[in-house]
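sequence and predicted structure are below.
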Amino acid sequence: MSNHSALYPKKTVFISLLAPGVVLYAVIALLPILGALFLSFFKWSGGVHKTFIGFENYKNLFTDIRFWNALKNNLIITVVSLIGQVGIALIVATLFLSRSVKLKNFHRSVIFFPVVLAAIIIGFIWTMVYSRDYGLLNFILRSIGLESWIKPWLDDPDIIMYSISAPIVWQYIGYYTVIISSGMTAIPKEIFESSDLDGATGWRKLVYIIYPMTRNTIIVSVMICIAGSMKIFTHILVMTGGGPGSSSMVMALYAYRNSFVKYKLGFGSAASLGIMLISLIFILGTRKIMGSKNNDQF
Amino acid sequence: MKKLTVLLLVVFLSIPLFANGNGEEGGATAAPVTFTSMTTYNKANIETDARVEAWFNMVEAMKKDHPDVNFEFEYIPHDAYQDKIQILAAANELPDALEVKGSWTKNFVENERLLPLTKMMDEDKSWSELFKPGVLKNFTVNGQIYAIGIEGGGSTHIIFYNSAILKEAGYDKFPDKFDDFKQMIAAIKAKGYIPISLGDKSSWVAESCYLSTIGNRMTGVEWTDSITNRSGASFNNPQFIKALGVMAELAAIGAFNEDLNSLEYKQQRTSYYNGKAAMFVEGGWAVNSVVKNALPEVLEATHLADFPEVKGQVGPDNLNTGGTSGWGIGFNSSVSENPEKEALCEDLIKKFVNMDTAVKLAETGRVSSMKVTDFDTSKLHRLNIEYKNYLDQFMPAPTYDLVWDPAVIETLNSNLQMLLIGNITPEKLAAEVQKEYENSAE
Amino acid sequence: MISSEMAVKAYRKTGSLFINAVIWLFSISCIFPVLWLVVSSLKTSSEFNRNIIGIPSSLQFSNYAKAFVTADLGMLSVNSAFNAVISMILVVILTFSIAYLLARFQFKGNRIIYYMFLFGMLIPMHALLVPVFIQFKEMGLFNKRITLIFPYVVFNMPFSLFMFEGYIRGIPKDLDESAFLEGSTIFRTMYTIIFPITRPVMVAVALLAFISNWNEYPFALVLINSQHLKTIPMGLVSFNGEYSTDYPLKMAGIVIATIPIIVLYLGFNGKIIRGMTEGSIKG
């Protein structure tokens, strides 16, 4: 519609419809960023005294090995999630395409179910699953004779990030399955029919037709996945609190700890901004690399 | 199904709209005084914990004596309490009365958050003189007292051990030298038991109940105080590093359970209660829990000990952490703006901490902050009496997390978790903590 | 000739068997932990310690009673419901309006608004916990009945907006035009004609918003303090901290806290998934 069509509403209408949502959003989501920016230049322990210290918080932040360690952990989660959540979702969605799958709706609902559970509940369930004496995992391993595989799942810093990633992956497979499935079913039937005529077998159909056509959906999924992995907080808080030591610390938890446990609110603000910056770099970088057909969508 | 759900949602929605009036902070018209407080006293424990009983009796008495005041008493579990209070302090939204940890006092006082109680104590000698000397040390800044604890003088370091398991491993007596202790651990392990059950998920147990004692003995109390007062001591002190080394050694010889960093402090007791672990280490607060929950044969065989002597320690062998009040009740400095509230504060603390409640505490095996001499020992278990004797013999040392800066403690605690799994050396740990210590100097 | 036909059939059959087996494996692994949770919650603590899998000898509903009363789950549910429902309604109304305008018209600021919300979807909200906390304190919104409504609405706006926007784009513009020719105002067109058509997406968005708000923890932890305003996740964490050694009791608490979600899901999962599907296609 052109801007001058008769349908175009008056300015007042526009404002009244847009304003409430946009203003609310700006105040709650965007204003804090400015607030954080301001505070990040101060040393503040929550009381009446604020001391201006310029860029010192940032200097401390970027030289703090624990921050980079936290970033590393976020990256581990990101990679595992990409392979696990998006990757497995791709496989499941592909399987769903097959005509031989029975009870598709049932399966889809069951696999999606963990998505609606609260992060703290996922955290609690899996903490109990990983428990050395009372946990489901060790119980299963013992009963199938794989007792030697038992490890201190949430204690060993070498494997802890992977132990933590498992519940996160488990929770969201269903989410991406639905998104990717919808992308796949959106492919016009004619394309399938013509490829059948060409004699393309199942495998070729998959690789040469389905995947390219769902590319956008996959890109979107990847970006959401990365964004989510950078934000991750509650799961870790509940399962390990960042420990042992700081071996399972993630960036959001790092900012939280520094602000609320160590009384360093100025530093915590700087950390928050640091996290945002890094997340944005990763997400936008990924988008650039993967390219995008529709430039005004994602 | 759908209609029903919608209906239910609408019902839910309307309830809070109607319930909105009561319980909100600051009433509308006549402005009745609202008095808020936050503690870790859980009503569910009222039967088993004399402090909780004292607290809720006080609550009843306050409500009766001041019917026009709107009291709001909140409860938060112990481990979440610290987080919560820090958040509130940062928001300047502390309740009127709150449980204060010794180590927070300095920071709170600097930020002018706490009400000084010295005047109140001076004005009522008959009450204030009942307190044991030095028991309020942790809450005193520049000569002013800022909080009062109902308990005080207990120990934060006790080794609970199962003498039956020790006997099975060939030990009739608890070793008093560290080398023997290590050998005993090996023997216990060989018999298939967990030598020491440790649950350090919240990261304070290892420091509060183990390291503080070992450290104070290695370095002497003067070093600890010097750190607290910032009069020159450094964490790179070789004696302190030796103390860290002791913990690292214990971990290296497999004294602890594998999942020590994913168990909560209450969960560490479970293996002991079931007879699977030979020992666990906690403070006096655990005694009653052992009496209540341990398997009968384990309870029968349970005795108390303290850490064996380590070669090269500077302090005496009966130096154990404790002797002060770890937690006390303090008041928000903002109550001074309202004389009515100040009076309520005084009433509250006197109803909570007095000779009657002190006696009740003593009768149930707890250590009151007041000097209790005559009390009924009939309800005490053998273990309670053993604890009392233990206390009579020990020399108090400051527990680190009750006196040091929270940022420093956080660094120490979380790195200690790593030390216990062999992921950091004592020297490096000390250097890390020292760095934090220097950074947090005002 | 016969053998190859049979071979193909056999191949197809095993293939089909294999595919179904794999999918069943996924489904079971998704539901098993939850089943374990429910079954275990009906055991006594000592029974559980002895055998963590296996049917309880008698159903201990006392765990549920205890959890409900001790954690005060009744009041917490009311609080959570209040926040979740109001936020849900506001999200739908606000984002629909914006989405309609974005989808139908090109105007100055179109891009800005679009990217603003996109940006919001990508930033780690929890990194802003501290500044939001401070801001709310300054604005006097700390620990009030309506405190959590604000962030809860804002969290769900980007996702909801894109869902609506994409879907509306797919609705033929002739509808709008014919409505206009009949003398309809824009408001009427929007709300009485277009809005009902967006039902699949709207239902999905509303339900997902409700669920995510019900489950939210970090902001509730930081922005709410009073006992009578606490939400379910907060109560659950406190409860679990207090009873860390009694697994069945903890599990009972978790199950109770999740029941509303489970009920909603059983009733509406079809709609949620359908709505997401349709919204994603266009988006």
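Now that the structure is in, tell me what you want to look at.

distance of the spatially most central residue of chain A from chain C?
The residue lying closest to the centre of chain A (Cα atoms, centre = their mean) is residue A:228, at 1.8 Å. Going from residue A:228 to chain C by Cβ to the nearest Cβ, to the nearest Å gives 9 Å. C-betas here are computed from N, CA, C, even on glycine.

report all helices and strands that the host helix or strand of that residue contacts.
Counting by DSSP states H and E, the element that carries residue A:228 is helix A:215-231. Contacts defined by 3 or more Cβ pairs under 8 Å, 6 or more residues apart in numbering or on different chains; DSSP states H and E place helix A:215-231 against helix A:65-81, helix A:160-185, helix A:265-290, helix C:110-122.

any part of the second one near chain C?
This points to helix A:160-185. Yes - for a cut-off given as Cβ under 8 Å from any Cβ of the partner chain, helix A:160-185 has contacts with chain C, namely A:170, A:173, A:174, A:178, A:179, A:181, A:182, A:183, A:185.

list the contacts for residue A:61?
A:67, A:267, A:270, A:271, A:274 (Cβ atoms under 8 Å, 6 or more residues apart in numbering or on different chains).

make sure it is indeed in a helix.
Yes - counting by DSSP: H, G, I helix; E, B strand; the rest coil, residue A:61 falls inside a helix.

host element of residue B:329?
Using DSSP H and E, residue B:329 sits in strand B:327-331.

can you list the residues that contact that strand?
Outside of strand B:327-331, the residues within contact range by Cβ under 8 Å, 6+ apart are B:39, B:96-102, B:105, B:108, B:114-115, B:117, B:136, B:138-139, B:146-151, B:345, B:348-349, B:352-353.

what about 7 Å?
B:96-101, B:114-115, B:139, B:146-149, B:345, B:349, B:352 (Cβ atoms under 7 Å, 6 or more residues apart in numbering or on different chains).

same question for stretch A:155-165, mean pLDDT?
Mean pLDDT, computed over stretch A:155-165, is 88.

which secondary structure elements does whichever helix or strand residue C:69 is part of sit against?
Here residue C:69 is covered by helix C:62-70, with elements defined by DSSP H and E. Applying 3 or more Cβ pairs under 7 Å, 6 or more residues apart in numbering or on different chains; DSSP states H and E, one finds that helix C:62-70 contacts helix C:247-282.

could you redo the last one with a cut-off of 10 Å?
Helix C:62-70 is packed against helix C:73-104, helix C:232-242, helix C:247-282, with contacts defined by 3 or more Cβ pairs under 10 Å, 6 or more residues apart in numbering or on different chains; DSSP states H and E.

give the buried residues for that helix.
Across helix C:62-70, burial judged by 16 or more other Cβ atoms under 10 Å in any protein chain shown covers C:63, C:64, C:66, C:67, C:68, C:70.

dump those into CSV; add pLDDT as well.
As requested, the buried residues of helix C:62-70 are exported to CSV (pLDDT from 0 to 100):
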residue, pLDDT
C:63, 83
C:64, 85
C:66, 83
C:67, 82
C:68, 82
C:70, 78
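
quick one: which of those is nearest to residue B:311?
residue C:70 (49.3 Å; Cβ to Cβ).

any idea how far that closest one lies from residue C:49?
The gap separating residue C:70 from residue C:49 is 21 Å, by Cβ to Cβ, to the nearest Å.

now do residue A:39
For residue A:39 relative to residue C:49 (Cβ to Cβ), the value is 49 Å.

one step back: of the contacts of residue A:61, which is the most crowded?
Of all these, the most densely surrounded is residue A:271 (30 neighbours; neighbours counted as other Cβ atoms under 10 Å in any protein chain shown).

just give the nearest non-adjacent residue to it, would you?
Nearest-residue entry for residue A:271: residue A:255, 4.0 Å, with adjacent residues in sequence omitted and distances by Cβ to Cβ, 6 or more residues apart in numbering or on different chains.

quick one: contacts for the one you found?
A:36, A:61, A:67, A:70, A:233, A:267-275, C:124, C:126-131 (Cβ atoms under 10 Å, 6 or more residues apart in numbering or on different chains).

what residue is smack in the middle of chain B?
For chain B, the residue nearest the mean C-alpha position is residue B:326 (5.6 Å; Cα atoms, centre = their mean).

doesn't residue B:402 make contact with it?
Yes - contact criterion Cβ atoms under 10 Å: residue B:326 and residue B:402 qualify, at 5.1 Å.

which residues do those two both contact?
Here residue B:326 and residue B:402 have B:101, B:102, B:103, B:138, B:156, B:208 as joint contacts, going by Cβ under 10 Å, 6+ apart.

and the last one, backbone torsions?
Main-chain dihedrals, residue B:208, degrees, to the nearest 10: phi -70, psi -40.

for residue B:199, same thing?
phi -120, psi 100.

kindly report the same for the one 5 residues further on.
Reported as degrees, to the nearest 10, the phi and psi values for residue B:204 are phi -100, psi -20.

equivalent analysis for residue B:422, please.
Dihedral angles phi and psi of residue B:422 (degrees, to the nearest 10) take the values phi 70, psi 20.

is it true that it touches residue B:251?
Yes - with contacts counted by Cβ under 10 Å, residue B:422 reaches residue B:251, the gap being 6.2 Å.

quick one, which of these two is more surrounded?
Shown here are residue B:422 and residue B:251; by other Cβ under 10 Å, residue B:251 has more neighbours (18 against 10).

and for the nearest residue to the more buried one once chain neighbours are set aside, the neighbour number?
Nearest residue to residue B:251, sequence neighbours excluded (Cβ to Cβ, 6+ apart): residue B:420, at 4.6 Å. Neighbours of residue B:420 under the rule other Cβ under 10 Å: 25.

enumerate every residue touching residue B:420.
Shown in contact with residue B:420 (Cβ under 10 Å, 6+ apart): A:155, A:244-245, B:198, B:200, B:206, B:210, B:247-248, B:250-252, B:255-256, B:260-261.

not counting its neighbours along the chain, what's nearest residue C:238?
Taking Cβ to Cβ, 6+ apart, and ignoring the residues beside it in sequence, residue C:238 has residue B:77 as its nearest neighbour in space, at 5.1 Å.

now swap in residue B:81 and tell me
Nearest residue to residue B:81 in three dimensions, chain neighbours excluded: residue B:40, at 5.1 Å (Cβ to Cβ, 6+ apart).

next: residue B:386.
Nearest non-adjacent residue to residue B:386, counting by Cβ to Cβ, 6+ apart: residue B:304, 5.2 Å away.

just to be sure, that neighbour is in a strand?
Yes - counting by three-state DSSP, residue B:304 is found in a strand.

could you give the bridge partners of it?
Counting by DSSP bridges, residue B:304 is bridged to residue B:160.

now do it, the pLDDT please.
We have a pLDDT of 92 for residue B:304.

burial measure for it, as a count.
Considering only other Cβ under 10 Å, residue B:304 is surrounded by 18 other residues.

any residues of the stretch 1-150 of chain C in contact with chain B? List them.
C:49, C:66, C:69-70, C:75, C:77-86, C:88-89, C:129-130, C:133-134, C:136-138, C:142-146 (Cβ under 10 Å from any Cβ of the partner chain).

out of those, which are buried?
Among the residues of the stretch 1-150 of chain C next to chain B, those classed as buried by 16+ other Cβ under 10 Å are C:49, C:66, C:70, C:75, C:77-86, C:88-89, C:129-130, C:133-134, C:136-137, C:142-145.

returning to that earlier point: the residue nearest to residue A:271 in helix, strand or coil?
State at residue A:255, reduced to three classes by three-state DSSP: helix.

before we move on, back to that, do you know which of the helices and strands packed on helix A:215-231 lies nearest residue B:285?
helix A:160-185 (30.1 Å).

which parts of that closest one are buried?
Those would be A:160-161, A:163-184, for helix A:160-185 by 16+ other Cβ under 10 Å.
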